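Engineer: this is a predicted model, with the sequence first.
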Amino acid sequence: FGQFAEWYSDVEKTGSENFNAVALSTATAKGSVSSRIVLLKGFSNEGFVFFTNYESRKAKQIGENPYGAMLFYWPGFRRQVRIEGAIVRTESEESDAYFNSRARGHKINALASQQSKMLESRDILLQKRDELSSFYANEEPVRPDYWGGYRLVPNMFEFWQEGRDRFHDRFEYRAASHGWTINRLAP
């Protein structure tokens with residue numbers, strides 16, 4: 001995790017918008033893969049945290065097949081990090097704490113949207129959002145049961161640094177009973 005923290009800190013210091021964007025790949029039980037960008041909201045030795053609607057496509061896939069992969073790509077640094085591992089739900093207290101830290105509009109939107117469901121029209125969604133905004137005019141929205149966090153618990157990291165003439169530098173870290181094994185990979 002130390003190598004990741006160092007590289008992540010380098011990117012964070014740039015102040016770029018969405019520096020925490022990561023491609024998350026999940027798969028159905030039959031192996032059909034989907035990828036999308038999510039925002040990393042925290043990481044520690046326990047794993048990498050993101051939040052979503054528990055009724056979304058990604059959540060359904062995680063329910064069927066609780067493994068996934070993340071890919072960070074930082075072209076300005078000519079680096080990428082691949083992470084693979086099991087995905088578990090965060091504790092409700094962690095989800096509550098993050099939900100409560102969000103901007104009011106983000107909370108309302110989380111309540112209004114049935115993520116990944118078909119919409120008859122955007123106007124219906126906007127109307128629902130406006131109704132919820134009025135309903136919660138004098139109080140803070142509470143996190144719904146269908147919204148919360150997940151943690152990807154890594155069993156593999158690959159650090160890739162672009163090299164001259166495509167002679168890249170790659171290291172793979174694999175979880176082992178005694179810690180992590182580190183192997184250099186061919187470019």
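Structural biologist: Received the coordinates, thanks. Numbering: from 1, shown residues only.
Engineer: extract the C-alpha trace of the lengthiest helix in the chain and format it as PDB.
Structural biologist: If you go by DSSP state H, the chain has its longest helix at helix 122-135. In PDB, the C-alpha atoms belonging to helix 122-135 read as follows (Å, rounded to 0.1, in the frame of the first residue of the first chain):
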ATOM      1  CA  ARG A 122     -35.500  12.900 -17.800                       C
ATOM      2  CA  ASP A 123     -38.300  15.200 -16.900                       C
ATOM      3  CA  ILE A 124     -39.800  12.500 -14.500                       C
ATOM      4  CA  LEU A 125     -36.400  12.300 -12.800                       C
ATOM      5  CA  LEU A 126     -36.100  16.100 -12.500                       C
ATOM      6  CA  GLN A 127     -39.600  16.300 -11.100                       C
ATOM      7  CA  LYS A 128     -38.800  13.700  -8.400                       C
ATOM      8  CA  ARG A 129     -35.600  15.500  -7.500                       C
ATOM      9  CA  ASP A 130     -37.500  18.800  -7.200                       C
ATOM     10  CA  GLU A 131     -40.100  17.100  -5.000                       C
ATOM     11  CA  LEU A 132     -37.500  15.700  -2.700                       C
ATOM     12  CA  SER A 133     -35.700  19.000  -2.500                       C
ATOM     13  CA  SER A 134     -39.000  20.600  -1.300                       C
ATOM     14  CA  PHE A 135     -39.700  17.700   1.100                       C
END
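Engineer: buried residues of the helix or strand following that helix, list them for me.
Structural biologist: Note on helix 122-135: by DSSP states H and E, the next helix or strand toward the C-terminus is strand 147-161. Of all the residues in strand 147-161, those buried under the rule 16 or more other Cβ atoms under 10 Å are 147-154, 157-160. Placement of C-beta: from N, CA and C, glycine included.
Engineer: next one: stretch 64-84
Structural biologist: Neighbour-count burial for stretch 64-84 flags 65-72, 74, 79-84 (criterion: 16+ other Cβ under 10 Å).
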